[in-house]
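K.L.:
please find the sequence and the predicted model below.
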Amino acid sequence: MATSVSYDTRAIAAAFTLLGDFASAEPYGSGHINDTFALEMTQGGRRLRYVLQRINHNIFKNPDGLMENVERVCRHTQAKLQAAGAADASRRALTLVPTKAGRGWHTDPAGNRWRCYVFVEGATGHDIIRNADQAFQAAKAFGAFQALVADLPGGRLVETIPYFHHTPTRFANFQTALAKDAHGRAAQALPEIAFALARAHEVGVIADAMARGDIPERVTHNDTKLNNVLLDNETQEGICVIDLDTVMPGSALYDFDDLVRTSTSPAAEDETDLSKVTMQLPMFEALLKGYLTTAGGFLTARERELLPFAGKLITFEIGLRFLTDWLEGDVYFKIKHPQHNLDRLRTQFKLVESIEAQLPAMQALVQ
């Protein structure tokens with residue numbers, strides 16, 4: 001992930017208890033939010049790699065609370081894997097490298113919060129799903145992650161972004177941005193705006209079910225894109241869930257169904273040829289089987305029933321977020337060109353249409 005800001009990564013790395021001597025720190029990954037570097041240290045001619053990351057405190061208003069969450073989750077998941085004697089346990093959950101002051105994160109003189117993870121070697125994240133086995137493995141890994149954190153001790157996690165997957169709030173934000181139209185952009189998205197408004201009656205289905213207690217609150221990842229699970233380079237097994245910034249209280253539905261959004265279409269998130277955007281039912285089936293392999297033991301009947309609809313809802317919600325950011329002048333998501341958020345929202349809404357057309361078949365698979 002490229003960054004336009006220059007940081008003294010050598011000095012920042014020196015704050016952590018790293019092995020070896022500093023060699024390089026190069027921009028890494030494809031995330032939209034944080035600044036991420038592949039940090040390389042050398043010792044006796046051998047390289048040791050870490051992931052060095054600056055938390056975007058413009059997005060995450062409580063970076064210390066966020067890191068408290070990450071510390072708790074990393075400590076708990078590693079301890080459970082080690083206690084269970086899991087093979088390759090050190091690669092199956094992220095490991096935070098402490099600072100020389102004994103903390104889980106470092107604050108630089110400018111107030112930026114930095115963290116450092118042990119690099120998970122021999123595994124790769126993928127932006128676009130290639131086959132049904134990848135879909136199965138990714139869903140299985142996220143289900144396993146949910147199972148690992150199901151008994152997380154210490155009370156409720158900090159909400160790093162309040163109302164993150166609260167679709168009614170996202171819809172209200174969209175309506176506010178539309179009413180203001182501060183940058184005069186609404187005219188370029190009139191069909192998409194109409195599409196969003198026509199689905200206003202569905203935005204509260206899951207939030208209302210949680211509020212009534214029909215479905216439970218859980219510790220969830222909340223950003224289950226395919227590239228947030230690393231697949232083993234040799235076996236293609238889903239080996240490690242990454243990007244824990246949004247691990248917080250939420251619904252299991254959103255974790256599974258963000259996989260539906262990001263993994264069932266062969267097109268990229270910003271594909272401009274909308275004829276390529278479609279929800280592939282065999283991919284959904286693979287996700288469903290993988291997820292239920294590890295998560296099926298704790299899901300309620302109502303959660304299972306809502307899985308297909310939630311796939312549609314979260315795709316709609318992400319499209320709303322891209323649309324809102326477009327109307328507000330591209331203040332949240334990093335963009336590569338002026339029309340980038342417009343391209344993204346159109347792709348999401350096209351996928352919503354495809355899911356809507358196949359909901360009966362998706363529900364039949366669940367049943």
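P.N.:
That came in fine, so what should we check first?
K.L.:
CA atoms for contacts and neighbours, from now on please.
P.N.:
Will do.
K.L.:
how many residues are close by residue 329?
P.N.:
Neighbour count of residue 329, defined by other Cα atoms under 10 Å: 16.
K.L.:
looks to me like it is in a strand.
P.N.:
No. Counting by DSSP: H, G, I helix; E, B strand; the rest coil, one finds residue 329 to be coil, located in no strand.
K.L.:
that one and residue 184 touch, don't they?
P.N.:
No. Between residue 329 and residue 184 there is no contact under Cα atoms under 8 Å: 9.4 Å.
K.L.:
off-centre distance for the host helix or strand of residue 364?
P.N.:
Using DSSP states H and E, residue 364 falls within helix 340-366. Distance of helix 340-366 from the chain centroid (Cα atoms, centre = their mean, to the nearest Å) equals 18 Å.
K.L.:
and that helix, what does it pack onto?
P.N.:
helix 190-197, helix 281-295, helix 301-327 (3 or more Cα pairs under 8 Å, 6 or more residues apart in numbering; DSSP states H and E).
K.L.:
tabulate those helices (a markdown table), appending mean pLDDT and distance to residue 28.
P.N.:
Below are these laid out as a markdown table (pLDDT from 0 to 100; distance: least, Cα to Cα, whole Å):
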| stretch | mean pLDDT | distance to residue 28 |
| --- | --- | --- |
| helix 190-197 | 98 | 33 |
| helix 281-295 | 96 | 27 |
| helix 301-327 | 96 | 23 |
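K.L.:
ok, which of these comes nearest residue 249?
P.N.:
Nearest to residue 249, of all these, is helix 301-327, at 15.7 Å by Cα to Cα.
K.L.:
so the closest one versus helix 281-295, what angle?
P.N.:
In terms of direction (axes from the mean of the first three to the mean of the last three Cα atoms, to 10 degrees), helix 301-327 departs from helix 281-295 by 120 degrees.
K.L.:
tell me the buried residues in helix 301-327?
P.N.:
303-304, 306-327 (16 or more other Cα atoms under 10 Å).
K.L.:
then stretch 42-52?
P.N.:
Buried residues in stretch 42-52 (16+ other Cα under 10 Å): 48, 49, 50, 51, 52.
K.L.:
ditto for stretch 258-278
P.N.:
Using 16+ other Cα under 10 Å as the test for burial, stretch 258-278 gives 258-272, 274, 277-278.
K.L.:
which of these fall in strands?
P.N.:
Taking DSSP state E, every one of those sits outside strands.
K.L.:
would you map the helices across the stretch 1-150 of the chain?
P.N.:
For the stretch 1-150 of the chain, the helices defined by DSSP state H, counting those that start in this stretch occupy 9-13, 63-83, 132-149.
K.L.:
from those helices, which stretch is densest packed?
P.N.:
Mean neighbour count (mean count of other Cα atoms under 10 Å) peaks for helix 132-149 among the helices of the stretch 1-150 of the chain, with a mean of 24.
K.L.:
and the helices in the stretch 151-300 of the chain?
P.N.:
Ranges of helices in the stretch 151-300 of the chain, per DSSP H, counting those that start in this stretch, are 167-180, 190-197, 205-212, 252-263, 281-295.
K.L.:
packing partners for the longest one?
P.N.:
Using 3+ Cα pairs under 8 Å, 6+ apart as the contact criterion, the elements in contact with helix 281-295 are helix 132-149, helix 252-263, helix 340-366.
K.L.:
can you lay out the ones you listed as TSV showing mean pLDDT and distance to residue 115?
P.N.:
TSV is the format used below for these (pLDDT from 0 to 100; distance: least, Cα to Cα, whole Å):
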stretch	mean pLDDT	distance to residue 115
helix 132-149	94	21
helix 252-263	90	24
helix 340-366	97	29
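K.L.:
export the helices of the stretch 1-150 of the chain to TSV and tack on distance to residue 40?
P.N.:
Formatted as TSV, the helices of the stretch 1-150 of the chain follow (distance: least, Cα to Cα, whole Å):
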stretch	distance to residue 40
helix 9-13	10
helix 63-83	22
helix 132-149	27
